[in-house]
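Chemist: got a structure for you, letters missing:
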C-alpha cells in the first residue's frame, strides 16, 4: 500500500460565490481567516492556495497565525488580477497603467509567497484574451502576454511561477488556453522559473485528454502543480471530482504515478449551493478510493494492453481496479 | 420598403454586471431609473423589459414616471427568482417555503405588469434544474415545474406569461431547456395564458436551429416573444447580435417574417466590458441592415431552392441580400 | 438478487464498417448470417435487431433458420432508409418517388417483423433533416416527417413502431432530434402504435441528461425500447458502454428500474477497430456489474438525498454501490 | 484593387463519398482523372492537391497528361495513410510492419511531388491517435509520431512537408490536434522542411480562433498552406465556406493579408449530397466577394479599434466592408 496522498485546496473552495444572476451572492462573504478555518475543518487538507490580496482587514500576520493555528501550509498564492480594475486584461490590457497595477498586485503576491514559504506564485490571468472576432491584434496580444510574464519572472528569480491555462471564461477566448500553447509561450520567455499548473477540468473543457496533457507537460519538465474537479466538458463547472468522469480522472492520476510525479492533490471546486466542508470531504473520500485503485491496478497487464493499443483489454484491467475501490 | 421594426431591450442590457471572478463587479451598480435613461439614450428603443423588484428605493411610481418622461413603454416584467433566496430553485425548490416566496415575487411582477400595461410576465426560472447526476427525482422535478407554473397562470387569468427556456447556466441543467420540452410542459399545464419567449442565443447554445425552433413554436401558437444576441454556441455569451452568426440570425428573422409574426425585436445582451449605449446602438445598426436584407431577399427564388432542398442555390440568394445590406 | 437482465444487440454491432476516410472499409463485409453467428458467439445475447433488407443473397428463411439454430430471437427490424437512394431523406425527401421507395422498404421491414415475431419496426430516418441554414422550409419538413410516419403506422395497425432520435449525423441537423421533439411529433400523428427507442449515447450527444429523457418518455408512455453505448458528448462515438460515463449510465438504469421498466438491455456500438465479440463481451461484463450495483444501491438513502436535492449525499450513496460492483 | 487570389482545391472536393450509414456511397466512384476534369470545369481553380495512390488504373503519366490538358497544377500530394491497412495508425501504429507500409506510401507520394513539381507532401495522419481512455501510452504515442515524421523529412531533404492538424475524426482523439501542439512536435523533430497546413474548419472545430492560430503559425514561420470550408464548430462538416462563419473567415483572410501571406486559397469541402462543381463555384463566388471586402476594409480604423481592444468599433468597420461585398 503506497502512502496516502497529500491533499490541498484552493482557499476559494471555502468561500461563497456570486454569478451574473445571483448578484446578491450564494452566501454571506467569508474572510480569508474563516476560509482557512473551514479548510482545516475538512480534516485531510494539508496545503492551501491563497488568493491575494487577502479579504479586507486581514494582514499577512493574521494569515500566518491562522495557518500556524490550524496546521495548514501555503502551497501557493494566487493574485487577484481578474477583478474590475483588470476587466480588459492584466498582462494584455491595452492600457499600460492597468498593466502596471496588475504587476504591482503580482509583486505583492510574490512577496507573500516568500513570507509564507509557499512553493509558487500561481498566475491565472482570467481577463487576458478577447471576446469578439476582430477585437485584438493577435501578435500584439501574444507579445504582451509573454513579455509581461517574462518581466515578472525575471524580477523574482528566487521564486517559481506557475501559469494555469483555461480555454475560456470569463473571456470567450483566453490567451493561455491549452497545455501546448502555454509551453510555447514559456519557451518564448526564455526563463527557467515559469511552469504550468494543470487543472483537470480545464483540460477536459478544452478538449484535451487530461492524461495526455499531463504527459506533455511532464515531458517538457513543466508540470509543477495540478488541481482537480469535474465538469460536463462544455464549461468549467468546478464540480466535485469523480462525479462525472471517473475513468479519465483515474487515468490522469495513473499518468502522474507512472511518471513518479510527487506533488499535492489539490481541489479547485466551486460549491455554489453546497456545504463547503461536506463538498471537500466528498471529494477526498473519492480521491482516497482512487488512490486504492491505483494500488490495485494491474500495471503489467495494462502496459501489455497499451503496447497493442487494445482498448478492450485495457478497460477490463482498469474496471477491475476502479469498480472495486470503495470496497 | 417595409416598416422599420419596433425595437426593445431587457433593461439589464443597461446594467452593470458581476461574475464569479470579477466579484467587485464590472462597474458601479445602476438603479432601475438610470437603466431606463440609458435605454432611452440609445434612440431606437421603444420597449423595455424590466426586472422586478426594482433596485433599492425605486418605486413603481418612479418607474412609471421615468417611462413617461423618456417615452419608453414596458413590454414585460421579469421577476428576479434566481437570487440567493432561490438558489435551489423557484418552482422546483425542495423547500415549500422557498417556492412560496418565489411565488410572491412573481405575483408582485404580475401586479407590476397590470400597472405598467405591459404585455406579459416573463418567467425565467434560472435556478430550476439540477447540477449533478442523481441529484433529483426527474418526475418530481417536472411535477413541481409544471404545477407551479399552472398555479401562477390560473391565479392571473387576465395576464399572459411567457417562459424563456435555456439549456443551462446557472444550473448545469435547467428544467425548461428547449422549445419542444417547453411546449410539452405548457400542454401539461392545461392553461391558455402561458407561451414562450425564444432567445436566439439560447436556441443556438442548446443545439437547436433557431429558425426551426421559431417555426415549431409558431406552429403550436406559442411564440409570444423573442430576443436576440449572439454567442459561440458553447455558452450563453450574450454578445452583440450579428457578430458571429450572420446567416442564422437572418434565417431566424426571415422565418418570423414569412409567418407574419409581428412583435418587438428585443435585445438580450450583457456588455460586461463595453459601453452599454454603444453596445445597443451597434446591435440595432446591424438589425436595421438585416431588415433591409429581408426587403431585398428574393423570396420566390429562395422558396424554389427550398422546394428542392438545394442549399447552394439558397445560399446564393441569401448572400445576394445579406452581403449588400450595409450598402 | 434480482434476475440478470436480458441482453440484446443491434446486428450491426457485429458488422464491419466504413467511413469517409477508410473508404475500403475497416474489414471485409459480413453477411447477415455471419453477423447472427457472431452475436451468438458472445454468449449472453438473447435478442438481435436486424437491418433490413438483409445482405445480398440472404432470404428471410435463411435468417429464420440462423436465429433458430443459434437460439437468438428478433426484437426488432431496422429498415435501411439512409443509403444512397435516400441521401436527401426518406420521409422528408423533396422527391415523392424517393419517399415512396423508402416507404416500400419500411413496408418490407414491417412484413419481416410479422414473420420473425419481433416486437417492433425501428425507424431511424438518418437522412431526414438538413445541412445548411436556409436549406429547408421547416414547417414543410415537419409535415412530411409526421405525415409519412402516420401513414406507415396506420398502414400497419397490428405492429408497433419505434422512432430512434438523434441530434445529428449523417445530416448536420436531423429532424427527430430529441426526446421532447419526438413526443410532440408522435402526438401530431394521432396514432397509438408509435413510440420511442432511446439511445443512451444519442441523448448524451444531444445535451440531454439520459435519465431525465428516459423519465420524460416513460411519463408519456412512450419508452418502448432502448440501447446503450458511450461517447465523449460531442459525437455519436458508439463506444463500449461504461468506458466514459459510468455514473450517468448507472443513473439511466436506476431510472428504468425505479419505474419498473422491463425490457431488453441492448447494445448499439460500432467497434470500427476492435474484435466485435470481445467488444460485446466487454460491454456485457460491465452491464452485469452495473446490475449488481443496482441491487446494492441504498435506494432509501438515495431517495432521502433526492428529496433534499442534496448532490453530495446522493453521490456518496451512488459511489458506495458503483465503485464496488466489480468486486 | 488587389489581384484576384489564386484558388485551389483538394481533388477530393470532386470525388464521391461514403460514410458509415450510406455504405453504398453517395454516388458512383470517380477516377482521379474524372476528378481533375471536374476541378477544371469549375473555371477558377488553378491548383489541386491530389490523393496518392491515384485511383485504380491511373498512372502518374495519366495524371500529368490530365493536368496539362486542363491547365491545372499540383500544389501538393496527400498520401492515403488512413485506409483499412492503417486503421490503427500510420506513424503511431503499434505494429512496426504497418508503420513501414505507411512510410512506403508516403515515400511514393514524395516521389509524385517531385514528378509533378508540386510544393509539398501533405501529411494528414487521420488514424494516428486513440479512441478510449487508457488505450495508449501517451509518451510512446508522441515518440512514434515525432520520430516517424522526422525520418520521413530527413529521407527527403529536397522536399517540403506540411502536417494538417485536426482534433478528431476518424479517431476520437487525433495526435496532431492543434496548431500549438503541432509546432511543439515540429520543434522536437529538429528539421527545417516540415511545416503546417491550417484547415480553417479544423481550427474552428478544435476551439481555436482560426485567425489567432494562423498568426501563431506565421510567427513561428510554419504556415505553409491552408484550406477553407465551414462547419457548426462541433464537427468537421466540410461545408461550403461562408455559409455559417462569415465574420471569422473574413478575420482569417485579413490576418493572412496583414502578414503578407502569399499562397493559394484552397477548398477542402465534402459535398456529400451536392453537385461538386456547383459546390466549388458557390464557394469561390463567396471568396471573391470576401476578397473585395478585404480591399474595402478600413484597415486604419480597424487598427485603431484594436489598439483599444474595442470590439464594437471594430465590428462596425468590419460590417461596413463585409455586408457590402456582394454589391
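Modeler: Now that the structure is in, tell me what you want to look at. A quick note: this is a predicted structure, and the numbers were derived from the prediction, not measured. Numbers count the residues shown, from 1 in each chain, chains lettered A, B, ... in the order given.
Chemist: Give me the spatial nearest neighbour of residue A:204, chain neighbours excluded.
Modeler: Excluding its sequence neighbours, the residue lying closest to residue A:204 (C-beta to C-beta, 6 or more residues apart in numbering or on different chains) is residue A:233, at 5.5 Å. The way it works is simple: take the backbone N, C-alpha and C, and place the C-beta from them, glycine included.
Chemist: One more: residue A:107?
Modeler: residue A:155 (7.2 Å).
Chemist: Tell me the confidence at the residue nearest to residue A:204?
Modeler: If you check residue A:233, the pLDDT there is 97.
Chemist: Backbone torsions only: list them for it.
Modeler: For residue A:233, the backbone dihedrals (degrees, to the nearest 10) come out as phi 80, psi -20.
Chemist: who's in contact with it?
Modeler: A:204, A:205, C:232, C:233, C:234 (C-beta atoms under 8 Å, 6 or more residues apart in numbering or on different chains).
Chemist: Around the nearest residue to residue A:275 once chain neighbours are set aside, count how many other residues there are.
Modeler: Nearest residue to residue A:275, sequence neighbours excluded (C-beta to C-beta, 6+ apart): residue C:312, at 7.4 Å. By the criterion of other C-beta atoms under 10 Å in any protein chain shown, residue C:312 has 21 neighbours.
Chemist: What strand or helix carries residue C:312?
Modeler: Here residue C:312 is covered by helix C:311-322, with elements defined by DSSP states H and E.
Chemist: and that helix with helix A:311-322, angle?
Modeler: 110 degrees (axes from the mean of the first three to the mean of the last three C-alpha atoms, to 10 degrees).
Chemist: Identify, from the contacts of residue A:233, the entry nearest to residue A:249.
Modeler: Nearest to residue A:249 out of the contacts of residue A:233 is residue A:204 (C-beta to C-beta; 9.2 Å).
Chemist: domain parsing for chain A?
Modeler: As recorded under automatic domain parsing, the domains making up chain A are A:7-290, A:297-327.
Chemist: To residue D:246, which of those domains lies closest?
Modeler: Nearest to residue D:246 among these is domain A:7-290 (9.8 Å), distances taken as C-beta to C-beta.
Chemist: end-to-end on the closest one?
Modeler: 13 Å (C-alpha to C-alpha, to the nearest Å).
Chemist: what distance separates that domain from the centre of its chain?
Modeler: On the basis of C-alpha atoms, centre = their mean, to the nearest Å, domain A:7-290 sits 4 Å off its chain's mean C-alpha point.
Chemist: gap between the nearest residue to residue A:75 once chain neighbours are set aside and residue A:40?
Modeler: Distances taken as C-beta to C-beta, 6+ apart place residue A:47 nearest to residue A:75, at 3.9 Å, with adjacent residues excluded. Computed as C-beta to C-beta, to the nearest Å, the residue A:47 to residue A:40 distance reads 11 Å.
Chemist: start to end distance for stretch A:74-85?
Modeler: 26 Å.
Chemist: Repeat that for stretch A:253-273.
Modeler: End-to-end for stretch A:253-273, by C-alpha to C-alpha: 28 Å.
Chemist: List the buried residues in it.
Modeler: Using 16 or more other C-beta atoms under 10 Å in any protein chain shown as the test for burial, stretch A:253-273 gives A:253-258, A:263-273.
Chemist: so of these, which ones are in helices?
Modeler: A:253, A:254, A:255, A:256, A:257, A:258 (DSSP state H).
Chemist: which parts of chain A sit against chain B?
Modeler: Residues of chain A that fall close to chain B, judged by C-beta under 8 Å from any C-beta of the partner chain: A:17-27, A:82-84, A:87-88, A:126-127, A:131-133, A:168-170, A:172, A:232, A:234-235, A:237, A:239-240, A:243-244, A:270, A:272-273.
Chemist: Those residues, buried ones only, as a ChimeraX selection?
Modeler: In ChimeraX, this line selects whichever of those come out buried by 16+ other C-beta under 10 Å:
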select /A:17,18,19,20,21,22,23,25,26,27,82,83,87,88,126,127,131,132,133,168,169,170,172,232,234,235,237,239,240,243,244,270,272,273
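Chemist: Who are the contact partners of the closest residue in space to residue A:123 that isn't next to it in sequence?
Modeler: Distances taken as C-beta to C-beta, 6+ apart place residue A:163 nearest to residue A:123, at 5.1 Å, with adjacent residues excluded. For residue A:163, the contact set (C-beta under 8 Å, 6+ apart) comprises A:123, A:124, A:125, A:149, A:176, A:182, A:185, A:186, A:194, A:195, A:196, A:197.
Chemist: So what are the sheet partners of the helix or strand harbouring residue A:163 and their directions?
Modeler: Assessed by DSSP H and E, residue A:163 sits inside strand A:161-164. Paired neighbours of strand A:161-164 in the sheet (DSSP bridges): strand A:120-123 (parallel), strand A:194-199 (parallel).
Chemist: Output those in a markdown table; the columns should cover distance to residue C:286.
Modeler: Shown next, in a markdown table, are the strands paired with strand A:161-164 (distance: least, C-beta to C-beta, whole Å):
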| stretch | distance to residue C:286 |
| --- | --- |
| strand A:120-123 | 39 |
| strand A:194-199 | 29 |
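Chemist: need those in a markdown table with distance to residue B:142, mean neighbour count and mean pLDDT, can you?
Modeler: Shown next, in a markdown table, are the strands paired with strand A:161-164 (distance: least, C-beta to C-beta, whole Å; neighbours: other C-beta atoms under 10 Å in any protein chain shown; pLDDT from 0 to 100):
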| stretch | distance to residue B:142 | mean neighbour count | mean pLDDT |
| --- | --- | --- | --- |
| strand A:120-123 | 43 | 25 | 98 |
| strand A:194-199 | 35 | 26 | 98 |
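Chemist: show me the contacts for residue A:21.
Modeler: Neighbours of residue A:21 in contact, by C-beta under 8 Å, 6+ apart: B:82, B:83, B:126, B:127, B:170.
Chemist: Please report the distance of the residue lying closest to it once chain neighbours are set aside from residue B:89.
Modeler: Once flanking residues are discounted, residue A:21 sits nearest to residue B:82: 4.6 Å by C-beta to C-beta, 6+ apart. As judged by C-beta to C-beta, residue B:82 and residue B:89 stand 9 Å apart.
Chemist: How about residue A:33?
Modeler: 32 Å.
Chemist: Same check on residue A:55?
Modeler: 30 Å.
Chemist: Among the two, which residue is more densely surrounded?
Modeler: Per other C-beta under 10 Å, whichever of residue A:55 and residue B:89 has more neighbours is residue B:89, with 29 against 14.
Chemist: tell me the contacts of the residue nearest to residue A:151 when sequence neighbours are not counted?
Modeler: Closest residue in space to residue A:151, ignoring its immediate chain neighbours: residue A:103 at 7.4 Å, by C-beta to C-beta, 6+ apart. Counting by C-beta under 8 Å, 6+ apart, residue A:103 touches A:148, A:151, A:152.
Chemist: Mind putting these into CSV with secondary structure, pLDDT and neighbour count?
Modeler: Converted to CSV, the contacts of residue A:103 look like this (DSSP: H, G, I helix; E, B strand; the rest coil; pLDDT from 0 to 100; neighbours: other C-beta atoms under 10 Å in any protein chain shown):
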residue, secondary structure, pLDDT, neighbour count
A:148, helix, 98, 23
A:151, helix, 98, 16
A:152, helix, 98, 25
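Chemist: and which of these is nearest residue D:291?
Modeler: residue A:148 (36.6 Å).
Chemist: How about the contacts made by the closest one?
Modeler: A:90, A:91, A:92, A:99, A:103.
Chemist: got CSV for those, with pLDDT and distance to residue B:138 too?
Modeler: Shown next, in CSV, are those (pLDDT from 0 to 100; distance: C-beta to C-beta, whole Å):
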residue, pLDDT, distance to residue B:138
A:90, 98, 43
A:91, 98, 45
A:92, 98, 44
A:99, 98, 49
A:103, 98, 50
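Chemist: List, one by one, the residues from chain A near chain C.
Modeler: Counting by C-beta under 8 Å from any C-beta, chain A sits next to chain C at A:232-234, A:240, A:242-248, A:274-275, A:278-279, A:282, A:285-286, A:289, A:311-312, A:315-316, A:319-320, A:322-327.
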